[in-house]
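Student: Here is my input; please provide its structure:
(2 chains)
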Protein chains: 2
Amino acid sequence: MKTIVLSLDDTVKLIREIGHDALMDEMIDRLGRAFATYNARDTVMPPRDGFHYKQPATGLVEWMPVMENGQVSIKVVGYHPENPTRHNLPTILGTISAYDTHTGHLIGIVDGTFLTAIRTAAASAVASRYLAAPHSKTLGIIGAGAQAIAQVHAISREFKIDTVLFFDIDAAAAATFPDRCAVLGLENVAIKAAPIAEIVSESDIICTATSIEVGAPPLFADLPARPWLHVNAAGSDFEGKTELDRDFLRGALVCPDLKEQAILQGECQQLAEDEIGPELVEVIQHPTRWDDARGKRTVFDSTGLALEDHVAINMVLDFARELDLGQMIQIENLSADPKNPYSFLYVPTGADG
Amino acid sequence: MKTIVLSLDDTVKLIREIGHDALMDEMIDRLGRAFATYNARDTVMPPRDGFHYKQPATGLVEWMPVMENGQVSIKVVGYHPENPTRHNLPTILGTISAYDTHTGHLIGIVDGTFLTAIRTAAASAVASRYLAAPHSKTLGIIGAGAQAIAQVHAISREFKIDTVLFFDIDAAAAATFPDRCAVLGLENVAIKAAPIAEIVSESDIICTATSIEVGAPPLFADLPARPWLHVNAAGSDFEGKTELDRDFLRGALVCPDLKEQAILQGECQQLAEDEIGPELVEVIQHPTRWDDARGKRTVFDSTGLALEDHVAINMVLDFARELDLGQMIQIENLSADPKNPYSFLYVPTGADG
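Tutor: Numbers count the residues shown, from 1 in each chain, chains lettered A, B, ... in the order given. Below is the predicted model:
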């Protein structure tokens, strides 16, 4: 009874084999179906918890558990905004593990950094499908880091985007954004730096994904915008960290991914209970209930769900099995005699099961 | 920046190289020092949490996190009492992972099944050092499963045990216990089945480690016992599951490993706040305060600590590095460009750091 360990090389082979567009399409598709069938009885998803600290670096390590359909998935994820500058590492580092609830066995462990990027972006794509104007053409990006690339990717799979307007407070990050997007192979999409005011006024869909500091003023406030502007707010994901203006939120239908978590860690921190709209799954499952929001401003308050990681690891494990990728490693001590923790010392090991 | 993955074969090599006695001695030694220096400011240890369920099997998957000294350690552990009979697997299956709080990087992942057994047993040895009669010779074992072997091992490293009296409600488990203990190579120790009443009356130290069901009557009640009997109660570790009689506990100095957790999941569930004694670390750090407990009945309410797993994984990783065991696998997506989650698709991977 071994554990599938997917190395980065395996992940690279997997994505090259599948193709990053097909992978994103599959992620969006699976996530859309997961949201469409989600109910809190069959999917147990406690709010994530973790350690937050200022030393040795500002950061946090969190665990995001979910149980569904005989499987527990747990992402353990670090958020360290100084990683890129201090260590040339991504801000987000993580792994996702899956456990079988029949026995407790660790089924597999895979990268959670790339998967966090694509599952977060895929969630924005699904949210935009239900909340944004159907013929959205202009995508605004505020915060042009790693997550932004994935957002451009996901939204451009769901909509016929012809223009991406982007802004980053870090001029170096802004300067390299078009080149970094080149990897996506988007033809016929103009990718242009723009001031925030222009992004807000011109965009059909905006994705915010900044490392804004706790207590900083919002990214924008009181700017002219299209009436049916939809914002995917992906950057607000821990206590005190919010990106959007409170009045802007009050003028919008704000749909959190998980209300309980968004009130603690998302844009919903800024709102009273009755100012918060339905959870995204409710919109997806009962679309006609929210017909009067069509044409109006909407916000997807995306704090990140363990369910999204669960869907992501299962997608990757399915592809890995199909393509015969990953190493099978026996990590747990499976004694020949389950009632003797030492017996494995004296019998041949490595038995599969 | 890779992750050390210790396979079962690596673990076996490691233990054979070090020797299981030296390994247990090291575990007891490290744990004793960790308890002696523990303080709640430098070691952040939230109560464990998890999923408990009846389907597809009665069981639970829990996560036990701790942060100390620039490292987060998390054990994810399953408890499935039907594993031995239904799947020929240990009741406890788990892995322990360590994360660097500088960056969030997953440092390593190792078996948590064997380590849970030995760290739990080592905790009993440390507790017994401070709470049991110094010249204890007779060890009683109630519940002769996997944990019992480790308890016999650990206690016999700390005391000159000459007799082990054991009982298991499962006759098959009882019948094989002496043979299973043979792996420990204990010479001059008589290992004998005995009824519970004899175990209670004859033992200096008792270890209870049963899979008693929630709501079942206690393992024993109101039996003659030595005045300075010390009990390591290792089996009570989730809500509703207790092994000892309430009046027996009331007649003893009950020292939980972590009071907050023991009140929820240990023998302390049965006690009022003022009936609970000091935490073990308090006894260790202030031994003279509890001098009047010497010669009297004591109980170590061992619910299992993330700190114990933290000490265990660090011990094993230290040995693995020393012996050059384990595979270094790059699991996390470390993009060449930390601001582009896709860049690793197009550059050579596997860079170490």
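Student: So what does the nearest residue to A:Ser203 once chain neighbours are set aside have for phi and psi?
Tutor: Using C-beta to C-beta, 6 or more residues apart in numbering or on different chains and skipping residues adjacent in sequence, the residue nearest A:Ser203 is A:Gly140, 3.3 Å away. Just so you know, the C-beta spots here come from the backbone N, C-alpha and C atoms, and that holds for glycine as well. Main-chain torsions, A:Gly140, degrees, to the nearest 10: phi -100, psi 140.
Student: Kindly report the same for A:Asp49.
Tutor: Phi and psi for A:Asp49, reported as degrees, to the nearest 10, are phi -140, psi 170.
Student: I figured it hits B:Arg48, correct?
Tutor: No - at 10.9 Å, A:Asp49 does not count as touching B:Arg48 under the criterion of C-beta atoms under 8 Å.
Student: Among the two, which residue is more densely surrounded?
Tutor: Neighbour comparison, A:Asp49 and B:Arg48: the larger count goes to B:Arg48, with 24 against 13 (by other C-beta atoms under 10 Å in any protein chain shown).
Student: where in chain A is pLDDT low?
Tutor: Where chain A drops to pLDDT under 70, the residues are A:336, A:347-353.
Student: quick one, domains of it?
Tutor: What automatic domain parsing lists as the domains of chain A is A:3-114+A:307-345, A:133-304.
Student: would a markdown table of those with distance to B:Leu229 be doable?
Tutor: Output for these, formatted as a markdown table (distance: least, C-beta to C-beta, whole Å):
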| stretch | distance to B:Leu229 |
| --- | --- |
| domain A:3-114+A:307-345 | 26 |
| domain A:133-304 | 47 |
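Student: Secondary structure of A:Ala182: a helix, I assume?
Tutor: Yes - counting by DSSP: H, G, I helix; E, B strand; the rest coil, A:Ala182 is found in a helix.
Student: need the helices for the stretch 151-300 of chain A, in chain order.
Tutor: Counting by DSSP state H, counting those that start in this stretch, residue ranges of the helices within the stretch 151-300 of chain A are A:171-181, A:196-202, A:246-250, A:259-265, A:280-285.
Student: Put the alpha carbons of stretch A:58-73 into PDB.
Tutor: Output of stretch A:58-73 as PDB, limited to C-alpha atoms (Å, rounded to 0.1, in the frame of the first residue of the first chain):
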ATOM      1  CA  THR A  58       6.500  37.400   7.900                       C
ATOM      2  CA  GLY A  59       4.300  34.500   6.900                       C
ATOM      3  CA  LEU A  60       2.000  31.700   7.700                       C
ATOM      4  CA  VAL A  61       1.700  28.000   7.400                       C
ATOM      5  CA  GLU A  62      -1.900  26.800   7.100                       C
ATOM      6  CA  TRP A  63      -3.600  23.500   6.800                       C
ATOM      7  CA  MET A  64      -6.800  23.300   4.700                       C
ATOM      8  CA  PRO A  65      -8.600  20.000   5.200                       C
ATOM      9  CA  VAL A  66     -11.700  18.600   3.500                       C
ATOM     10  CA  MET A  67     -13.500  15.300   3.600                       C
ATOM     11  CA  GLU A  68     -15.600  14.100   0.700                       C
ATOM     12  CA  ASN A  69     -16.600  10.700  -0.800                       C
ATOM     13  CA  GLY A  70     -14.200   8.500   1.300                       C
ATOM     14  CA  GLN A  71     -11.300  10.800   0.900                       C
ATOM     15  CA  VAL A  72      -9.600  13.400   3.100                       C
ATOM     16  CA  SER A  73      -7.500  16.000   1.300                       C
END
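Student: Could you give the number of residues near A:Pro256?
Tutor: If we define neighbours as other C-beta under 10 Å, then A:Pro256 has 25 of them.
Student: swap in the one 4 residues further on?
Tutor: Other residues within reach of A:Glu260 by the criterion other C-beta under 10 Å amount to 14.
Student: returning to what we had before: out of the domains of chain A, which gets nearest to B:Ile92?
Tutor: Proximity to B:Ile92 (C-beta to C-beta) singles out domain A:3-114+A:307-345 among the domains of chain A, at 7.7 Å.
Student: Quick one: end-to-end distance for that closest one.
Tutor: End-to-end distance of domain A:3-114+A:307-345: 20 Å, with C-alpha to C-alpha, to the nearest Å as the criterion.
Student: ok, now stretch A:241-248?
Tutor: 16 Å.
Student: circling back to that earlier point, give the contact list for the residue nearest to A:Ser203.
Tutor: A:164-166, A:194, A:199-200, A:202-203, A:205-207 (C-beta atoms under 8 Å, 6 or more residues apart in numbering or on different chains).
Student: Rebuild those as CSV, extending it with neighbour count.
Tutor: Output for those, formatted as CSV (neighbours: other C-beta atoms under 10 Å in any protein chain shown):
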residue, neighbour count
A:Val164, 28
A:Leu165, 23
A:Phe166, 23
A:Ala194, 20
A:Ile199, 26
A:Val200, 25
A:Glu202, 19
A:Ser203, 26
A:Ile205, 30
A:Ile206, 27
A:Cys207, 31
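Student: correct me, but A:Asn69 touches A:Asp42?
Tutor: Yes - if you go by C-beta under 8 Å, A:Asn69 and A:Asp42 touch, sitting 7.2 Å apart.
Student: measure the residue with the shortest distance to the centre of chain A to B:Asp170 for me?
Tutor: By C-alpha atoms, centre = their mean, the mean C-alpha position of chain A lies nearest to A:Thr120, the distance being 1.9 Å. A:Thr120 sits 49 Å away from B:Asp170, taking C-beta to C-beta, to the nearest Å as the criterion.
Student: Of all the helices of the stretch 151-300 of chain A, which one is nearest B:Asn333?
Tutor: Of all those, helix A:171-181 comes closest under C-beta to C-beta, at 14.8 Å.
Student: Grab the CA positions of the closest one and hand them over as PDB.
Tutor: This file holds the C-alpha atoms of helix A:171-181, laid out as PDB (Å, rounded to 0.1, in the frame of the first residue of the first chain):
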ATOM      1  CA  ALA A 171       7.500  48.400 -11.500                       C
ATOM      2  CA  ALA A 172       9.800  45.400 -12.100                       C
ATOM      3  CA  ALA A 173       6.900  43.000 -11.800                       C
ATOM      4  CA  ALA A 174       4.900  45.200 -14.100                       C
ATOM      5  CA  ALA A 175       7.600  45.400 -16.700                       C
ATOM      6  CA  THR A 176       7.900  41.600 -17.000                       C
ATOM      7  CA  PHE A 177       4.200  40.800 -17.000                       C
ATOM      8  CA  PRO A 178       3.600  40.600 -20.800                       C
ATOM      9  CA  ASP A 179       6.700  38.400 -21.200                       C
ATOM     10  CA  ARG A 180       5.600  36.200 -18.300                       C
ATOM     11  CA  CYS A 181       2.200  35.900 -20.000                       C
END
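Student: Any residue of that helix touching chain B?
Tutor: Yes - on the criterion C-beta under 8 Å from any C-beta of the partner chain, helix A:171-181 is in touch with chain B at A:173, A:176, A:180.
Student: picking that back up, list just the one of the domains of chain A that sits closest to B:Phe114.
Tutor: Across the domains of chain A, closest to B:Phe114 is domain A:3-114+A:307-345 (C-beta to C-beta), at 4.0 Å.
Student: Can you give the contact residues for stretch A:274-292?
Tutor: So stretch A:274-292 is contacted by A:32, A:35-36, A:38, A:123, A:126-127, A:130-131, A:249-250, A:253-259, A:262-263, A:268, A:293, A:300 (C-beta under 8 Å, 6+ apart).
Student: Which among the residues you listed count as buried?
Tutor: Those of those that meet the buried threshold are A:32, A:35, A:38, A:123, A:126-127, A:130-131, A:249, A:253-259, A:262-263, A:268, A:293, A:300, by 16 or more other C-beta atoms under 10 Å in any protein chain shown.
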